[in-house]
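Trainee: test case, fold it:
(2 chains)
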There are 2 protein chains.
Amino acid sequence: MRYKLYYWPTIQGRGEFVRLALEEGGADYIDVARRSERSGMGVPAMLRLMEDVAVSRPSFAPPFLKAGELIIGQTANILLFLAPRLALIPPDESSQLWAHQLQLTISDLLTEAHDTHHPIASSLYYKDQKPEALRRAADFTANRLPKFLDYFERILAHNPHGDGYLLGTTFSYVDLSMFQVMAGLLYAFPKTMKRLAPSYPHLLELHRRVAERPRIARYLASARRLAFNKQDIFRRYPELDA
Amino acid sequence: MRYKLYYWPTIQGRGEFVRLALEEGGADYIDVARRSERSGMGVPAMLRLMEDVAVSRPSFAPPFLKAGELIIGQTANILLFLAPRLALIPPDESSQLWAHQLQLTISDLLTEAHDTHHPIASSLYYKDQKPEALRRAADFTANRLPKFLDYFERILAHNPHGDGYLLGTTFSYVDLSMFQVMAGLLYAFPKTMKRLAPSYPHLLELHRRVAERPRIARYLASARRLAFNKQDIFRRYPELDA
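Mentor: Residues are numbered from 1 along each chain as shown, chains lettered A, B, ... in the order given. Sure thing, here's the model as predicted:
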């Protein structure tokens, strides 16, 4: 099966969670919007699948994945579908529900991280909502972020089956997602993360360990891994990192 | 199977999406936090399952559902689990993925509806973030809400299998969720919804039709259905409904 991923071509964003799973799973895939328009791909091919009313199951927003005739949208839903096919989750329903629950909680954290720089409207520039962003980011770094990280650290530290992975002894796609969140936080909020680091030894260790997995290390060193930047979910604005 | 639902006892909130599925599915369930502390239930029983480190798969936030030994958190994840057991979704994977994708998009809309009155911090009162709320709500009612409703209206209007339900001819739990969103929007943003109504005939018809389903009609008329109020996700602040 050759998968087709559709996502904005210049940011990691939510698509990165799918890219990491495809890379770690050794999947055959095309990152459609990063290919040329001349070849019938690029961003226009992505928008066509969202806007053409002949598409009966369109996605509200990227990323979405084409797997044969199936089109699947919503990041966590794509991972729910892909993970058992790429051996990134144990086959039992209980593990899959728990991993999906963690992924959805990661999605919630991601939305809040995004809203630190866009608390009023995605359609406005950062500079047009900067006073509000300063207030929201102050609450995020002081209250919300520690609350989320406390939760994930606890999952690792108190897992009766081992403290190496979020599911215990078994590596899964949620570890890839947690890696990506930590990478984003370390990029966007270096001062806050330095201050918080002593409280989250398991999360930082997980971040290091995932980066060293052979396929992930190769991916991170490749041109396929886009750099963090100021159009992305995680943005480094020093004034928001108090 | 007697299900145990854990959610805040005084609001509809995210728990309501689970309550509607349990009611329509004719499930045997206990709404634990609404029962008395004397009986070992109430809010303390809910918080215990979130905070006790002996619980190895805790939820970050309510709602969560106990089904035998399994504890499942995140609203959309609970519905993913419950729907096939309550005959609220066809058994094929493709229908389940599509319904889940729609449910996750509803979750996104819900977060944005909440943030109209709390754009800065959930921990602050509305009055302490009112100027920011006015800006965010103006963008929500002018841009974001129509974008979401256009999407769901299109799903209904252009479904080759029929325009009665989000999945086409088959009623499913996503129709219950869409009903709940429309009910919340009509409560919180009556002026905006009156202005937008002509564009969304299918969504308004779906809202009416779900309310008339015998089990839902009985539920809505019962004491089990809490009223909308100003601690909930959907709040009627006339100044945010321009």
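Trainee: helices along chain A, start to end?
Mentor: A:15-24, A:42-51, A:75-85, A:93-117, A:130-139, A:145-157, A:173-188, A:190-196, A:201-211, A:214-221 (DSSP state H).
Trainee: need those helices in TSV (columns: mean pLDDT and mean neighbour count).
Mentor: In this view, the C-beta of every residue, glycine as well, is placed from N, C-alpha and C. Shown next, in TSV, are those (pLDDT from 0 to 100; neighbours: other C-beta atoms under 10 Å in any protein chain shown):
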stretch	mean pLDDT	mean neighbour count
helix A:15-24	98	24
helix A:42-51	97	15
helix A:75-85	98	23
helix A:93-117	98	21
helix A:130-139	98	19
helix A:145-157	97	18
helix A:173-188	98	23
helix A:190-196	98	15
helix A:201-211	98	17
helix A:214-221	98	13
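Trainee: can you redo those helices as a markdown table with distance to chain B?
Mentor: Converted to a markdown table, the helices of chain A look like this (distance: least, C-beta to the nearest C-beta, whole Å):
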| stretch | distance to chain B |
| --- | --- |
| helix A:15-24 | 13 |
| helix A:42-51 | 9 |
| helix A:75-85 | 5 |
| helix A:93-117 | 4 |
| helix A:130-139 | 4 |
| helix A:145-157 | 5 |
| helix A:173-188 | 12 |
| helix A:190-196 | 16 |
| helix A:201-211 | 14 |
| helix A:214-221 | 26 |
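Trainee: for these, which one sits closest to residue A:241?
Mentor: helix A:190-196 (4.8 Å; C-beta to C-beta).
Trainee: helices or strands up against the closest one?
Mentor: Under the contact definition 3 or more C-beta pairs under 8 Å, 6 or more residues apart in numbering or on different chains; DSSP states H and E, helix A:190-196 sits against helix A:145-157, helix A:173-188.
Trainee: which residues touch it?
Mentor: A:141, A:145, A:146, A:149, A:185, A:186, A:236, A:238, A:241, A:242 (C-beta atoms under 8 Å, 6 or more residues apart in numbering or on different chains).
Trainee: stretch A:119-126 too?
Mentor: Contacts for stretch A:119-126 (C-beta under 8 Å, 6+ apart): A:117-118, A:128-129, A:132-133, A:135-136, A:235, A:237, B:115, B:119-120, B:132, B:135-136, B:139, B:143-144.
Trainee: I'd say residue A:10 and residue A:226 touch.
Mentor: Yes. Between residue A:10 and residue A:226 there is a contact under C-beta atoms under 8 Å: 6.8 Å.
Trainee: what's the closest of the contacts of helix A:190-196 to residue B:59?
Mentor: Nearest member of the contacts of helix A:190-196 to residue B:59, counting by C-beta to C-beta, is residue A:149, at 16.1 Å.
Trainee: skipping adjacent residues, who's closest to the closest one in space?
Mentor: Spatial nearest neighbour of residue A:149, chain neighbours left out: residue A:200 (5.4 Å); criterion: C-beta to C-beta, 6 or more residues apart in numbering or on different chains.
Trainee: how much space between the one you found and residue A:211?
Mentor: Relative to residue A:211, residue A:200 is positioned 16 Å away (criterion: C-beta to C-beta, to the nearest Å).
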